[in-house]
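Student: I'd like to go over a predicted model; first the sequence, then the structure.
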Amino acid sequence: MLQDRAKYSITGILVAAFLGYSCFLYADLPVTDKQPLHTADKGKLLWQQYNCGACHQVYGLGGYLGPDLTNSYSKRGPAYIRAFLQNGTNIMPNYHLSETEINELMNYLRHLDASGNADPRTFTIQQNGFINQ
Amino acid sequence: MQIQEPLQYSKMDSSTSKQAVYPVYFIRFGIILLAFGMLFGIIGGLQYVVPGYLKEILSFERTRPLHVSSVLFWIILTATGAIFTYVQEHSKRSMYSAVQVKIQFYLLGISILLIMACYLAGIFGGREYWEYPPYLSIPIVLAWILLLINFIRTVGSFRKQPVYIWMWLTGIVFFLFTFTESYLWVLPYFRRHIVNDMTIQWKSYGSMVGSWNQLVYGSAAYLMCKISGDKSTAFSKKAFALYFIGLFNLMFNWGHHIYTLPTHTYVRQISYAVSMTELFLLGRIIWEWKQSLSTALKYRHIASYRLLFAADIWVFLNLVLAIGMSVPAINVYTHGTHITVAHAMGTTIGINTMLLLAIVSDILKHQQQGNNMGKTGFWLANTSLLLFWLSLIVAGIWKAHWQMSTNPPAFASMMQQLHPFFMVFLISGITLAAGILLILFSLFKKDQHVTSN
């Protein structure tokens, strides 16, 4: 039987490491962006309000019924995206978005596109199993 | 060392009897949510096979959260009901506060009903797993704080406690932490950039899955002790060593969700090194305990035992998938494909749901004998799940092949070519739901019998 003191010590070390890692990450977020919230933020909240993530992915995370939209802005172009947002498709309902909402969602998709590349073909696989972007 | 007999509710005084009803309410509500979760899952499957099905009245962005949240709350509510029941059995005393149990039930129950109503009405605002408006999470957090207080006060001293008490405490504490952490996005600092936002989102989600696994696995560990009649294993050094490795994974292996996100390299390196071994560890625990069971005990508790045995097999199948997906070089292929869905379904249905059904079977006093309805349901559910799981894996392999090819087909074309796999996925999903319903019907039948007695 493991002694209680050993259990408490191991738990204490793990919890301290976890809290330390969490706090370090909160302070050291991957992208240092001192800019105030811009219109992309409104688009992000609209993305959540219409639950776009149920069907669409961002960086491969989200739904599977529609395509990944991370780099759709540069691949398809704004006019193509606008047409979908205005009319819907045979699967996607027409949400009757206002012009302001469409512009805000477009801003979000542009911000998303500029954030990185989600195309798995562009990753380099290393011998040790890691990948480079 | 013999484990004490379960509390006999009928022999308790009136106040304790009333208190004993609420853990069963949690479980019954959980079962109802599971039934709805399966219904919405089938509707979602139909929407894959028949594009645009119910688009105007119940489009996929409503169906998916209805399905996912129903199933997640089935896991959370049933695991909570199991903890209330088992912690009382273990400590030989009633819950510290019956009122807190009651308040927790109504806080969670009302929140869940409001959440489902929001989804049906198309009112969102949150993100994956918790798509409802964020303010509805406040009563869930309050309910969870009550659970934490009640659990700690009921257990009393944590000295010389078995591993499942540690697992339950870990699950409760870490669910509270990660659930709260998953709402850091409401602060502009965290959502200012999508990469920052997603890093923290999946940090919390990765650990959150580990936290509800601790709740379920802890109860499964208790049940294994109960079936074997030997709880010495739950005090062993090996059990605690495995628990600590599991806790280590819960805390640090979440990065495999975001290998392809341009986040810190160290996040990926830490996750890869720690890897996802928690399912493997549990598989070992169950496997070793199972060996110690006598044939007589196995037959006496046959219904629960069969479900635990099925969970064993699903642990090993999903372990293979989990290890593969934790290697970045493999993850780059599987990420964003239906292989990820296969893993999620394999773990939530094959492991969590099978374990919870075993636990429910025990709590509703149905474990002594397996009726034909339950046996049919068991085999139908597990063979269907295997087909369901394989169809998703094959669909995922095709998608991985296409998305890595030089000239990938258009998304609509990919979906069209995957149609046969979606058909298998839908049909096996329907028979899977039928199998689980048969198991549930057999449990309710027995539950009514016990209650009437």
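Tutor: Okay, I see it. Residues are numbered from 1 along each chain as shown, chains lettered A, B, ... in the order given.
Student: Measure how buried residue 75 is and give me the count.
Tutor: I went with chain A, as the question did not name one. A:Lys75 has 13 neighbours, counted by other Cβ atoms under 10 Å in any protein chain shown. C-beta here means a position set from N, CA and C on the backbone, and glycine is covered the same way.
Student: wrong one, I was asking about chain B
Tutor: B:Ile75: 22 neighbours (other Cβ under 10 Å).
Student: same for the helix or strand hosting it, what does it pack against?
Tutor: Using DSSP states H and E, B:Ile75 maps to helix B:60-91. Applying 3 or more Cβ pairs under 8 Å, 6 or more residues apart in numbering or on different chains; DSSP states H and E, one finds that helix B:60-91 makes contact with helix B:14-49, helix B:98-121, helix B:137-155, helix B:163-181, helix B:194-228, helix B:354-363.
Student: can you pull the contacts of the closest residue to B:Gly44 other than its chain neighbours?
Tutor: The shortest distance from B:Gly44 to any non-neighbouring residue, by Cβ to Cβ, 6 or more residues apart in numbering or on different chains, is to B:Thr63 (4.5 Å). By Cβ atoms under 8 Å, 6 or more residues apart in numbering or on different chains, B:Thr63 lies in contact with B:40, B:43-44, B:47, B:54.
Student: Just list the residues touching the nearest residue to B:Ala358 once chain neighbours are set aside, thanks.
Tutor: Leaving aside its sequence neighbours, B:Ala358 sits nearest to B:Leu307 (Cβ to Cβ, 6+ apart; 3.6 Å). For B:Leu307, the contact set (Cβ under 8 Å, 6+ apart) comprises B:354-355, B:357-358, B:361, B:378.
Student: Comparing the helices and strands packed on helix B:60-91, which comes out most buried?
Tutor: Compared across the helices and strands packed on helix B:60-91, helix B:354-363 shows the largest average neighbour count, a mean of 27 (mean count of other Cβ atoms under 10 Å in any protein chain shown).
Student: if we can go back for a sec, among the contacts of B:Leu307, which two are most distant?
Tutor: Largest separation among the contacts of B:Leu307 by Cβ to Cβ: B:Leu355 and B:Phe378, giving 13.6 Å.
Student: How about the helix or strand containing A:Tyr108 and chain B, any contact?
Tutor: Applying DSSP H and E as the criterion places A:Tyr108 in helix A:99-115. Yes. Counting by Cβ under 8 Å from any Cβ of the partner chain, contacts between helix A:99-115 and chain B involve A:111-112, A:115.
Student: which other helices and strands contact that helix?
Tutor: helix A:39-49, helix A:72-76, helix A:78-87, helix B:194-228.
Student: Out of the ones you listed, flag the one nearest B:Val68.
Tutor: Relative to B:Val68, the nearest member of those by Cβ to Cβ is helix B:194-228, separated by 12.1 Å.
Student: buried stuff in the helix or strand following that closest one?
Tutor: Remark: after helix B:194-228, the chain's next helix or strand is helix B:237-252, criterion DSSP H and E. Judged by neighbour count using 16 or more other Cβ atoms under 10 Å in any protein chain shown, the buried positions of helix B:237-252 are B:239-240, B:242-244, B:246-252.
Student: Look up how far B:Ser70 lies from the residue nearest to B:Ile436 when sequence neighbours are not counted.
Tutor: Computed as Cβ to Cβ, 6+ apart, the closest residue to B:Ile436 that is not its neighbour in sequence is B:Ala381, at 5.1 Å. According to Cβ to Cβ, to the nearest Å, B:Ala381 stands 17 Å off from B:Ser70.
Student: Repeat that for B:Gln417.
Tutor: 31 Å.
Student: Just want to know which of the two has more residues nearby.
Tutor: Using other Cβ under 10 Å as the criterion, B:Gln417 and B:Ser70 rank with B:Ser70 on top: 24 against 14.
Student: Please name the nearest non-neighbouring residue to the more buried one.
Tutor: Of all residues not flanking B:Ser70 in the chain, B:Gly37 sits nearest, at 3.3 Å (Cβ to Cβ, 6+ apart).
Student: correct me, but the one you found touches B:Leu77?
Tutor: No. Between B:Gly37 and B:Leu77 no contact is recorded; they are 11.6 Å apart, counting by Cβ atoms under 8 Å.
Student: thought A:Phe84 was touching A:Met92?
Tutor: Yes. A:Phe84 is in contact with A:Met92 according to Cβ under 8 Å; the separation is 7.0 Å.
Student: which of these two has more neighbours?
Tutor: Shown here are A:Phe84 and A:Met92; by other Cβ under 10 Å, A:Met92 has more neighbours (21 against 15).
Student: So which bits of the stretch 251-400 of chain B are right by chain A?
Tutor: Counting by Cβ under 8 Å from any Cβ, the residues of the stretch 251-400 of chain B that sit close to chain A are B:251-252, B:257-264, B:267-270, B:272, B:327-333, B:335-336, B:338, B:341.
Student: In helices only, show me these.
Tutor: Of these, the ones assigned to helices by DSSP state H are B:251-252, B:267-270, B:272, B:328-333, B:338, B:341.
Student: ok, the nearest residue to B:Ser182 once chain neighbours are set aside to A:Cys23 distance?
Tutor: Using Cβ to Cβ, 6+ apart and skipping the chain neighbours, the partner closest in space to B:Ser182 is B:Ser204 (4.0 Å). Using Cβ to Cβ, we find B:Ser204 at a distance of 14 Å from A:Cys23.
Student: again, but for B:Ile75
Tutor: Counting by Cβ to Cβ, the gap from B:Ile75 to A:Cys23 is 29 Å.
Student: How about B:Thr80?
Tutor: 29 Å.
Student: and A:Pro36, what pLDDT?
Tutor: At A:Pro36, the predicted lDDT confidence score is 61.
Student: Could you do B:Ala239 as well?
Tutor: The per-residue pLDDT reported for B:Ala239 equals 87.
Student: For it, list the residues it contacts.
Tutor: B:Ala239 sits next to B:162-163, B:221, B:233, B:285 when contact means Cβ under 8 Å, 6+ apart.
Student: Ok, A:Glu104 next?
Tutor: A:39-40, A:42-43, A:46.
Student: same thing but at 10 Å, please
Tutor: Residues near A:Glu104 by Cβ atoms under 10 Å, 6 or more residues apart in numbering or on different chains: A:39-47, A:97-98.
Student: what do you get for B:Trp74?
Tutor: B:27, B:29-38, B:348, B:352-353, B:356.
Student: Distance-wise, check B:Ala434 relative to B:Leu77.
Tutor: Remark: distance between B:Ala434 and B:Leu77 (Cβ to Cβ) = 23 Å.
Student: of those two, who's got more company?
Tutor: B:Leu77 (25 against 15).
Student: If you drop the residues flanking it in sequence, what lies closest to the more buried one?
Tutor: Closest residue to B:Leu77 apart from its sequence neighbours, by Cβ to Cβ, 6+ apart: B:Gly30 at 3.8 Å.
Student: domain ranges for chain A?
Tutor: For chain A, automatic domain parsing gives the domain ranges A:1-30, A:39-119.
Student: Serialize the contacts of B:Thr63 to JSON lines and add fields for distance to B:Gly374 and pLDDT.
Tutor: Shown next, in JSON lines, are those (distance: Cβ to Cβ, whole Å; pLDDT from 0 to 100):
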{"residue": "B:Phe40", "distance to B:Gly374": "24", "pLDDT": "98"}
{"residue": "B:Ile43", "distance to B:Gly374": "26", "pLDDT": "97"}
{"residue": "B:Gly44", "distance to B:Gly374": "27", "pLDDT": "97"}
{"residue": "B:Gln47", "distance to B:Gly374": "31", "pLDDT": "96"}
{"residue": "B:Leu54", "distance to B:Gly374": "33", "pLDDT": "92"}
